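**Student:** attaching a predicted model along with its sequence, questions to come.
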Amino acid sequence: VELVQAEVVSEESLEYQGETRRVLRVEYHGMIGSGLSDKARLQAVSWVEPTGSVLRRDVFLGTSKLRFNRLPNEEAVAIGEDLFQEILDLDHVELAESENVKSINVSSLSDILNIKPAPPATVTP
């Protein structure tokens, strides 16, 4: 288990969906040892609206940086629906012969998503 210190370090402006938004910059530092250190490793930075919505997050892994930008809600919902429909469409499931899968139950997932499930399916390798 690694301890991480999160701290709001500044208020900034961020361009999001064609608008300038005021956001809080939150930095996440890995804690070295049992105390805080000025040299603690920067692990991530988030830009957060006062409402709590994270508009952007940079995550640092070694010498690489991953950037995650928040999608507009309508676009995120559409992508989510497409992805979940692909999960529920078992005609597209391909299993390697080495996989030991006897069945896949999609009813609980479809209940959560309020999607009418396909008839129950059994997949055998």
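**Tutor:** On my side now, so go ahead.
**Student:** now the strands for the protein?
**Tutor:** With DSSP state E as the criterion, the chain has strands at 4-16, 19-30, 42-48, 54-61, 64-69.
**Student:** which of these sits closest to D89?
**Tutor:** Checking the strands of the chain against D89 by CB to CB gives strand 64-69 as the closest, at 27.0 Å. Where you see a C-beta, it was placed from the backbone N, CA and C, and this is true even at glycine.
**Student:** any idea of the mean pLDDT for the closest one?
**Tutor:** For strand 64-69, mean pLDDT rounds to 95.
**Student:** what is the longest helix anywhere in the chain packed up against?
**Tutor:** In the chain, with assignment by DSSP state H, the single longest helix is helix 73-88. Packing contacts for helix 73-88, counted by 3 or more CB pairs under 8 Å, 6 or more residues apart in numbering; DSSP states H and E, involve helix 107-113.
**Student:** state the mean pLDDT of the helix it packs on.
**Tutor:** Mean predicted confidence for helix 107-113 is 54.
**Student:** sorry, back to before: in the longest helix of the chain, what counts as buried?
**Tutor:** Neighbour-count burial for helix 73-88, counted by 16 or more other CB atoms under 10 Å, picks out 84, 88.
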